[in-house]
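[1] quick one: sequence plus predicted model below, questions after.
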Amino acid sequence: MSYKAVIIGGSAGSFQVITRILNSLPKDFPLPVLLCLHRLKHVRSGFVEALSLKSTIPVEEPYDKESVKPGRAYLAPANYHMYVELANRIALSTEDTVNHSRPSIDLSFITAANAYRDKLIGIILSGANKDGALGLKKVHENGGICIVQDPVECEVKTMTQSALQLTKVDFVYSTDQIISYLQKIR
Amino acid sequence: MDELGIVDIREINRVIKSIYDYDFSNHALTSYKQRLERLMKMYLIDTADGLIKKIQNDPSFFDDILCEIPVPSTEMFRDPSLWRWLREEYFPEHMEKTTGKLRIWFPSCVSGGELYSLVILLAEMGILDRVQIIASCISEKCISYIKQGTYDVRKLEVSQENYVRFNGQRDLSAYYKPERDFVTRDTSLISAVEFGKLNINLDFAPQNVRLILFRNNLIYFNPTRQEMILQTLYRSLSATGHLILGIREKITGLAATRDFDIANETESVYRKKI
């Protein structure tokens, strides 16, 4: 197995899915999990705590230039973009919103694709905005694996459908299938 | 437009350094690349070569670069809880101990969002005349922009929401005048602010500063440069002076234990150790 990171993007309707994924990963999951989820910009606390409740791996909101470590989940902080730098560090930014979003899923995915190339698994979940579609395309262009949650299952389909329109993805999976795919990574 | 590669960025930095003696090489790469690409889009430049030629042939363009590379504050009163802390804890405690004027420094103003937030806060507390504010900008263009009071209308709604969460005394609209597609802020609030151009190395930083506001600026530099900047800020502060960083910026390493105490962890406020 040669992957270096998993990156997950989601918006409206993705919270339950993310929670189920985090609660089902093996405790010794060998990769870092980057989470870029749309959230209220003025609500700073509570989200990471909610995700941490039953997560098998530690979930944190990173500080700027923190090193990315395997077996941990990094949640993009409220009102910051979250990038991956080539040196495998998180970089935060307060640049303009992209697709009306900060954090922007596109920016997180594009920078992670630049940093990890074909060693990245990108997953787009339920959401009400096209953010993430361009980012997932970039993951694909760099040879990474692209997974989209089955729109049939999504509470809000815009995000997954936009991603599917733009990229020929590797898998369209239900939440259960996403979980069992990730559980097989050793 | 071409996407910039690392080789392009190095060449751009080399040219800037050779002509203007400014070193951009310690900027955090991803955001710096995006700022350069944004600049190219603004000025309709398609290639790295085109950008380099413009830098070489148009001396006035360099101030545009200095103005557009730094990232402006996202909104006014970002993180309302920090501004509440300043109003309810920091200023009451520290004004009392101050006989002269309390010296405050903004090492890097771009759009003045943080500066205007602070002067509104101080005006509402009735202590605007009891502070000395120094606002440093990397570019002349930024200084005139802030002095004119022009503000991006797209940032008003969120600023207004923040101001309500801050529990301001009035309505934020009391502090600006709507124009056609922008607003003009009440510049009388900044009439006593001392503006100055300061280069990227923060040479000639002011001394005996009691409070530095430097939020979400360090994130645009690599760890080497961050450490150097923190040393400069440390030297500028008076004994027990305070430094406010962005809430996801943290002082790490030697400086964290040797130079600073934490004054307010959730708001990323540090106090200089004596």
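    Received, thanks. Numbering: from 1, shown residues only, chains lettered A, B, ... in the order given.
[2] all helices for the stretch 51-200 of chain B, in order.
    Taking DSSP state H, counting those that start in this stretch as the criterion, the stretch 51-200 of chain B carries its helices at B:61-68, B:80-85, B:91-97, B:113-125, B:140-148, B:156-166.
[3] most packed of these?
    The highest mean neighbour count among these, using mean count of other C-beta atoms under 10 Å in any protein chain shown, belongs to helix B:113-125: a mean of 23. Bear in mind the C-beta positions are built from the backbone N, C-alpha and C, glycine included.
[4] around chain A, pick out the residues from the stretch 101-250 of chain B.
    Counting by C-beta under 8 Å from any C-beta of the partner chain, the stretch 101-250 of chain B comes close to chain A at B:158, B:161-162, B:165, B:216, B:218-220, B:222-223, B:226, B:246-250.
[5] what subset of those is buried?
    Buried positions within these, assessed by neighbour count (16 or more other C-beta atoms under 10 Å in any protein chain shown), are B:158, B:161-162, B:216, B:218-220, B:222, B:226, B:246-250.
[6] closest one to A:Asp64 out of these, please.
    Of all these, the one sitting nearest A:Asp64 is B:Ile219; the distance, using C-beta to C-beta, is 4.5 Å.
[7] in what helix or strand does residue 36 lie?
    Assuming you mean chain A. Using DSSP states H and E, the element containing A:Cys36 is strand A:33-37.
[8] oops, I was thinking of chain B
    helix B:29-42.
[9] mean confidence score for that helix?
    Helix B:29-42 comes out with an average pLDDT of 96.
[10] quick one: is that helix near chain A?
    Yes: judged by C-beta under 8 Å from any C-beta, helix B:29-42 comes into contact with chain A at B:Leu29, B:Thr30, B:Ser31, B:Gln34, B:Arg35.
[11] compare the residues you listed and tell me which is most surrounded.
    Neighbour counts for the residues of helix B:29-42 next to chain A, by other C-beta atoms under 10 Å in any protein chain shown, peak at B:Ser31, which reaches 24 neighbours.
[12] check contacts around it.
    Residues counted as contacts of B:Ser31 (C-beta atoms under 8 Å, 6 or more residues apart in numbering or on different chains) are A:Tyr83, A:Ala91, A:Ser93, A:Glu95, B:Val71, B:Ile219, B:Tyr220.
[13] list the contacts for the third one?
    Taking C-beta under 8 Å, 6+ apart as the contact definition, A:Ser93 lies against A:Tyr80, A:His81, A:Tyr83, A:Leu107, B:Thr30, B:Ser31, B:Gln34, B:Val71, B:Ile219, B:Tyr220.
[14] please repeat the previous calculation with a cut-off of 7 Å.
    Contacts for A:Ser93 were tallied using C-beta atoms under 7 Å, 6 or more residues apart in numbering or on different chains; they are A:Tyr80, A:His81, A:Tyr83, B:Ser31, B:Val71, B:Ile219.
[15] what residue ranges in chain A score low on pLDDT?
    For chain A, applying pLDDT under 70 flags the ranges A:1.
[16] can I get the CA coordinates of the strand holding A:Cys36 in CSV?
    As requested, C-alpha coordinates have been extracted for strand A:33-37 and formatted as CSV (Å, rounded to 0.1, in the frame of the first residue of the first chain):
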residue,chain,number,x,y,z
VAL,A,33,-7.4,12.1,7.1
LEU,A,34,-7.9,15.6,6.0
LEU,A,35,-11.4,16.9,6.5
CYS,A,36,-12.7,20.0,4.7
LEU,A,37,-16.3,20.6,5.6
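[17] give me the contact list for the following helix or strand past that strand.
    Proceeding N to C from strand A:33-37, the next assigned helix or strand is helix A:47-52, under DSSP H and E. Outside of helix A:47-52, the residues that reach it under the criterion C-beta under 7 Å, 6+ apart are A:Ile18, A:Thr19, A:Leu22, A:Arg39, A:Val59, A:Glu60, A:Glu61, A:Leu75.
[18] and the next helix or strand past helix A:47-52?
    According to DSSP H and E, the helix or strand after helix A:47-52 is strand A:59-60.
[19] how far out from the middle of the chain is that next one?
    Averaging C-alpha positions (C-alpha atoms, centre = their mean, to the nearest Å) puts strand A:59-60 13 Å from its chain's average.
[20] is any part of it close to chain B?
    No: for strand A:59-60 and chain B, the contact criterion (C-beta under 7 Å from any C-beta of the partner chain) is not met; the two come no nearer than 11.0 Å.
[21] sheet partners, orientation included, of whichever helix or strand comes after that strand?
    Per DSSP H and E, strand A:59-60 leads on to strand A:73-75 as the next helix or strand towards the C-terminus. Sheet partners assigned to strand A:73-75 using DSSP bridges are listed as strand A:33-37 (parallel), strand A:59-60 (parallel).
[22] just say which of those is most tucked in.
    Counting by mean count of other C-beta under 10 Å, strand A:33-37 has the highest mean neighbour count of those, with a mean of 26.
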